[in-house]
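K.L.:
Only the shape, not the letters, is given here:
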């Protein structure tokens, strides 16, 4: 279940008083524990209500008022969104939290609604499907795409050329014989052990990924798009969609550089590398 954990405002937070170094350190350590436990999804602090606005709705009328707002104990100074197994688990985590204010303070926990809570108002499931589509769209907006070039044994030559003529900066380079895992038998052409397995170089503000590939017989006919997605369900969804009427080159699997990685060529002949970011 998802919960919102709200730090209630205090006189000091409404006055804009910044936390001490000791408090920032303690809260940072607590946040690290939440992340390590896989509980924390997001968390932010809010500026005083004096820098905020409220919009009052009454039918078609909209009335705007500017802070500060009264009833400090009803305001929120910061929040987390946690994914926990139960409200009891959320309570146990809150009890471990350092006092978020220099003075006495309160933290409120509220469960978030899920679409299943609105089942009676959505008997066909159409609204739930729309919400799921919106969620997927939001997740995909966090994705990134990079060009991945294969040079059939001439990668170092290409890196040198781009460095000399384009001012490229090589940010990372690994040869096949430096791989922390042995290459599959007969995958590499003889003599390619010293070739570049993976490299990253920057031209201007764009980072390009590159490799020698596994042999020198493949002609340079294009490139692969490396798509990093935010989570495992999205990786499987995107991979399966691209594989439909296409060709799976390497099924999604855990590799040493990514928790999940696979290669697929779509029905239009575009080569894709789908991966999760390394933790």
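P.N.:
On my side now, so go ahead. In this text the structure is predicted, and so the values were computed from the model without any measurement.
K.L.:
State the three-state secondary structure for residue 82.
P.N.:
Here residue 82 is recorded as strand under DSSP: H, G, I helix; E, B strand; the rest coil.
K.L.:
Tell me where this structure has helices.
P.N.:
Using DSSP state H, the helices of the chain run over residues 11-14, 21-36, 87-96, 126-140, 155-166, 232-243.
K.L.:
Minimum distance to residue 57: which of those has it?
P.N.:
Residue 57 lies closest to helix 126-140 among the helices of the chain, at 22.1 Å (CB to CB). Where C-beta positions appear, they are placed from N, C-alpha and C, glycine not excepted.
K.L.:
Tell me the confidence at the nearest residue to residue 188 once chain neighbours are set aside?
P.N.:
Nearest residue to residue 188, sequence neighbours excluded (CB to CB, 6 or more residues apart in numbering): residue 214, at 5.3 Å. pLDDT recorded at residue 214 is 87.
K.L.:
What ranges in the stretch 101-250 of the chain fall below the confidence cut-off?
P.N.:
218-222 (pLDDT under 70).
K.L.:
Burial-wise, tell me which of the helices of the chain comes out on top.
P.N.:
Ranked by mean neighbour count, the helices of the chain are led by helix 11-14 with a mean of 18 (mean count of other CB atoms under 10 Å).
K.L.:
Can you report how many residues lie near residue 265?
P.N.:
Neighbours of residue 265 under the rule other CB atoms under 10 Å: 16.
K.L.:
Number the residues from 59 up from this point.
P.N.:
Got it, first residue is 59 now, which makes that one residue 323.
K.L.:
That one and residue 93: what is the separation?
P.N.:
36 Å (CB to CB, to the nearest Å).
K.L.:
Over to residue 298?
P.N.:
Using CB to CB, residue 298 is found at 29 Å from residue 93.
K.L.:
try residue 163
P.N.:
Taken as CB to CB, the span from residue 163 to residue 93 is 22 Å.
K.L.:
Kindly report the same for residue 161.
P.N.:
Relative to residue 93, and taking CB to CB, residue 161 is found at 27 Å.
K.L.:
circling back to that earlier point, can you pull the contacts of the residue nearest to residue 246?
P.N.:
By CB atoms under 8 Å, 6 or more residues apart in numbering, residue 272 lies in contact with 245-247, 250.
K.L.:
Would you list the buried entries among these?
P.N.:
By neighbour count, with 16 or more other CB atoms under 10 Å, the contacts of residue 272 hold 246-247, 250 as buried.
K.L.:
got a list of what the most centrally placed residue in the chain touches?
P.N.:
In the chain, the centroid-proximal residue (CA atoms, centre = their mean) is residue 288; its distance is 4.2 Å. For residue 288, the contacting residues are 197, 200-201, 334-335, by CB under 8 Å, 6+ apart.
K.L.:
was I right about residue 134 contacting residue 65?
P.N.:
Yes - counting by CB atoms under 8 Å, residue 134 touches residue 65, with 6.8 Å between them.
K.L.:
between these two, who's got more neighbours?
P.N.:
Remark: of residue 134 and residue 65, residue 65 carries more neighbours, 23 against 15, as counted by other CB under 10 Å.
K.L.:
And for the nearest residue to that one once chain neighbours are set aside, the neighbour number?
P.N.:
Setting aside the residues directly before and after it, residue 65 is nearest to residue 136 in space (CB to CB, 6+ apart), at 4.2 Å. By other CB under 10 Å, 19 other residues sit near residue 136.
K.L.:
quick revisit: mind checking the helices of the chain for the one nearest to residue 313?
P.N.:
Of all the helices of the chain, helix 290-301 sits nearest to residue 313, with 12.5 Å by CB to CB.
K.L.:
Tell me which residues of stretch 227-245 come out buried.
P.N.:
231, 233-234.
K.L.:
For the residues you listed, give me a markdown table that also has distance to residue 81.
P.N.:
Shown next, in a markdown table, are the buried residues of stretch 227-245 (distance: CB to CB, whole Å):
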| residue | distance to residue 81 |
| --- | --- |
| 231 | 43 |
| 233 | 47 |
| 234 | 49 |
